[in-house]
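1. turn this into a model:
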Amino acid sequence: MDWLETPDSGKGIFGVLVVNGSDQKPVEGYESLIRFMNKWMVAHGQESLHTLLDHMNGIAELKKEEQRVLLAESLRVHEFESLLYLVKEENEDEMEKMIQATSRQWDETRVFVSNLAKWLDGKKVMN
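-> Below you'll find the predicted structure:
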């Protein structure tokens, strides 16, 4: 799958999410999908995220191991990567802005992970 990070990467046509692909080598792993779903939840709300997950699961049901990997990937702390870069570059001017942005992103991710875990638990697949 292509790197997919924001809902703007695709569009809804007659209630179906259509994502424009490319001829690039597919991205491995779930990071892109996690970031997409996180931003989807921020843009459209928690109920919409659950609806999206239900529809995705209806089309391509996630097996128990895939669900565990999805949850594990969502627990990785991607928010601090930009902040660590600034620390290495010793860019103090941007540091305060980046700390605030990172804190906001972390809060969004915590809510997302909580919702993903709640959805998975509701499917009774994480036994």
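
2. contacts and neighbour counts: CA atoms only from here.
-> Will do.

3. what's the longest helix in this structure?
-> Criterion DSSP state H: the longest helix present in the chain is helix 92-122.

4. distance of the residue lying closest to residue 106 once chain neighbours are set aside from residue 43?
-> Nearest non-adjacent residue to residue 106, counting by C-alpha to C-alpha, 6 or more residues apart in numbering: residue 79, 6.3 Å away. Distance from residue 79 to residue 43, counting by C-alpha to C-alpha, to the nearest Å: 18 Å.

5. could you list the low-pLDDT ranges of this structure?
-> For the chain, applying pLDDT under 70 flags the ranges 1-22, 89-91, 124-127.

6. can you pull out the strands in it?
-> 10-13, 16-19 (DSSP state E).

7. what's the end-to-end length of stretch 84-100?
-> By C-alpha to C-alpha, the extent of stretch 84-100 from end to end equals 14 Å.

8. contacting residues around that stretch?
-> 82-83 (C-alpha atoms under 8 Å, 6 or more residues apart in numbering).

9. gap between it and the chain center?
-> Mean C-alpha position of stretch 84-100 versus that of the full chain (C-alpha atoms, centre = their mean, to the nearest Å) differs by 24 Å.

10. begin at 27 from here
-> Okay, using 27 as the starting number, the last item reads as stretch 110-126.
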